[in-house]
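Undergrad: sequence? don't have it. structure:
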């Protein structure tokens, strides 16, 4: 391979790596102190699961109270 084609290949790989990094992190520069989009989504799912668990426990406690349980 000639030097020019190696350089074009290298530049292409750099561009692809930059695009992938941008898509995964959400920004070009990134901020390591702020949560990524994936972490925010996971935290949201965890919060929703916690809320659902509370609702189910409350419903189970209500049923137990109505049936004369402790």
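TA: On my side now, so go ahead. Model, not experiment: these values are computed from the prediction. Numbering: from 1, shown residues only.

Undergrad: Next, count neighbours for residue 9.
TA: 11 (other Cβ atoms under 10 Å). All C-beta atoms are positioned from the backbone trio N, CA, C, and that covers glycine.

Undergrad: Report the secondary structure element holding it.
TA: helix 3-25 (DSSP states H and E).

Undergrad: Mind checking the pLDDT average for the helix or strand just after that helix?
TA: Next in sequence after helix 3-25, counting helices and strands by DSSP H and E, comes helix 37-66. Averaged across helix 37-66, the pLDDT comes to 91.

Undergrad: Repeat that for stretch 18-32.
TA: What stretch 18-32 shows for mean pLDDT is 72.

Undergrad: which residue ends up closest to the midpoint of the chain in space?
TA: Most central in the chain under Cα atoms, centre = their mean is residue 38, positioned 1.3 Å from the mean C-alpha point.

Undergrad: Next one: it from residue 6, what distance?
TA: When distance is defined by Cβ to Cβ, to the nearest Å, residue 38 is 35 Å away from residue 6.

Undergrad: And for residue 68?
TA: For residue 68, the distance to residue 6 - Cβ to Cβ - is 81 Å.

Undergrad: Please identify which of those two sits among more neighbours.
TA: Neighbour count, other Cβ under 10 Å: between residue 68 and residue 6, residue 6 has more, with 10 against 6.

Undergrad: Report pLDDT for the more buried one.
TA: On the pLDDT scale, residue 6 is placed at 90.

Undergrad: And for the one 5 residues further on?
TA: Per-residue pLDDT puts residue 11 at 94.

Undergrad: since we're on it, how many residues are nearby?
TA: 10.

Undergrad: Residue 60 versus that one, what's the distance?
TA: 61 Å.

Undergrad: domains of the protein?
TA: Listed domain ranges for the chain are 1-33, 35-70 (source: automatic domain parsing).

Undergrad: Nice, that's everything, thank you.
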